[in-house]
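In: let's see this in three dimensions:
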Amino acid sequence: MTVCEYRPGLEGIPAAESAISHVDGHKGILEYRGIKIEELAEKSNFLETTYLLIWGKLPTKPELEAFEHEIRYHRRIKYRIVDMMKCFPESGHPMDALQASAAALGLFYSRRDLHNPAYIRAAVVRLMAKIPTMVAAFQLMRNGNEPVRPRDDLGYSANFLYMLNEREPDPLSARIMDICLILHAEHTMNASTFSARVTASTLTDPYAVIASAVGTLGGPLHGGANEEVIEMLEEIGSVENVRPYLEDCLQRKSKIMGFGHRVYKVKDPRATILQGLAEQLFDKFGMDKYYEIAVELERAVEEKLAHKGIYPNVDFYSGLLYRKMGIPTDLFTPIFAIARVAGWLAHWKEQLEENRIYRPTQVYTGYHESHYIPMDQRYS
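Out: Numbers count the residues shown, from 1 in each chain. Take a look at the predicted model:
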């Protein structure tokens, strides 16, 4: 077997064959099962897109209605999981609460009947239905309130916003949230998806697969970046301070949050859609002063760094949208997770179809033929 060249972070090295999504980073194209993200954002909804990702085709009307009905039926979470979540520290990050709660689902539903299509569908339904409920429940409980029961008469995104605020959301806000979930649902072999596929390859249960992916998504170089974008915009403080801030970052060679992507060398197509959604929301509910800072920062970064292929990514505008909806900053990444569960489950299902456990090699850089040194002969 030929030993391949070592590349940090496995950059550019294929880890799987997949028919789920495709990215052309030079043309700014993202497709789910061959359908461009712009078309799905305009015409689809999140659960229909979820069906497309997991089962490989757009559902018929009866298929979609059946899927939506199953999701509604399984939104509630068992009281023992609620009791467990009440014991979580109020200061804990919601991503940590979500990872623990997702893993706990395996205690109730894990039979590991991975060759049974009925088991696979049931796991998909439970995870898609219950993850938003757990995110909303922890948000209320950490503030001393009882969780809000889901409403069967509301759509997926509208119900999530209702459970967060115990108030039926404005239709525009619900639709924008639904599009945000579509945009975040899948993105080829990113870090959390790779984590999900590695875990799935061991043939463990899907709840452990999702828990591992949630843990990976929580890092600031992955899903957590949208929180840091808001912190950066607040630190800049004004449009006038954008260019001095950028010059300081460039001198210090520090990362500009929300910019640059391992794959995209042009503006992330999701960022373009999110920016348009932000403007719709601001037109109806009032401008956010940080949006003007963001636009000026994008302009300045393009002038300085476009030649390096550094443009806004999906994290740059998403936080401004969630902020305008009144969502706390530390819930931005859990909302990312709610969406990405669809993609993770699609990869879990695909991994099972022709599974082989992941076992990469390494480049050893340590010593050889060392000897054990007795304790009385060791010196610092």
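In: mind checking what helix or strand follows whatever helix or strand L161 lives in in sequence?
Out: Using DSSP states H and E, L161 sits within helix 156-165. As assigned by DSSP H and E, the chain's next helix or strand after helix 156-165 is helix 171-184.
In: next structured bit after that next one?
Out: Next element after helix 171-184 (DSSP H and E): helix 191-200.
In: which regions of the stretch 201-350 of the chain lie under the pLDDT threshold?
Out: Within the stretch 201-350 of the chain, no range satisfies pLDDT under 70.
In: one more time with 80, if that's ok
Out: Within the stretch 201-350 of the chain, the stretches with pLDDT under 80 are 221, 223-224.
In: quickly find the element holding G343.
Out: If you go by DSSP H and E, G343 is part of helix 332-353.
In: picking up where we left off before, for the helix holding L161, packing partners?
Out: Packing partners of helix 156-165 (3 or more CB pairs under 8 Å, 6 or more residues apart in numbering; DSSP states H and E): helix 46-55, helix 117-141, helix 171-184. Placement of C-beta: from N, CA and C, glycine included.
In: just to revisit the earlier point, next, the angle from the helix holding G343 to helix 46-55.
Out: Calculated by axes from the mean of the first three to the mean of the last three CA atoms, to 10 degrees, helix 332-353 forms an angle of 30 degrees with helix 46-55.
In: elements contacting helix 332-353?
Out: Applying 3+ CB pairs under 8 Å, 6+ apart, we find helix 332-353 packed against helix 46-55, helix 94-109, helix 117-141, helix 171-184, helix 191-200, helix 206-217, helix 225-236, helix 315-324.
In: which residues are contacting the first one?
Out: What that stands for is helix 46-55. With CB atoms under 8 Å, 6 or more residues apart in numbering as the test, helix 46-55 has contacts from 20-21, 32-33, 35, 40, 44, 58-59, 63-64, 67-68, 71, 124, 128, 156-157, 178, 181-182, 185-186, 339, 342-343, 345-346, 349.
In: and these, which of them are buried?
Out: When the contacts of helix 46-55 are checked for burial by 16 or more other CB atoms under 10 Å, the buried set is 20-21, 32-33, 35, 40, 44, 59, 67-68, 71, 124, 128, 156-157, 178, 181-182, 185-186, 339, 342-343, 345-346, 349.
In: dump the residue contacts of L181.
Out: Counting by CB under 8 Å, 6+ apart, L181 has contacts F46, Y156, S157, I335, I338, A339, A342.
In: how many neighbours does V341 have?
Out: Neighbour count for V341, taken as other CB atoms under 10 Å: 25.
In: from here on, count from 49
Out: Yes, from this point I'll number from 49; that puts the last item at V389.
In: so it touches A177, yeah?
Out: No: judged on CB atoms under 8 Å, V389 makes no contact with A177 at a distance of 10.1 Å.
In: separation between V172 and K109?
Out: 19 Å (CB to CB, to the nearest Å).
In: same question for L101.
Out: Distance, L101 to K109, by CB to CB: 19 Å.
In: name the nearest residue to Y157, ignoring sequence neighbours.
Out: Take Y157 and drop its neighbours on the chain: the residue closest to it by CB to CB, 6 or more residues apart in numbering is R174, 6.0 Å away.
In: that neighbour is in contact with A150, isn't it?
Out: No: when contacts are counted by CB under 8 Å, R174 is not listed as touching A150 (10.4 Å).
In: out of the two, which sits in the busier spot?
Out: For R174 versus A150, neighbours defined as other CB under 10 Å are more numerous around A150 (25 against 20).
In: how long is stretch 288-308 end to end?
Out: 23 Å (CA to CA, to the nearest Å).
In: distance between that stretch and the chain's centre?
Out: Distance of stretch 288-308 from the chain centroid (CA atoms, centre = their mean, to the nearest Å) equals 25 Å.
In: residues of that stretch that come out buried?
Out: Result for stretch 288-308 [16+ other CB under 10 Å]: buried residues V290, R291, Y293, L294, C297, I304, M305, G306, F307, G308.
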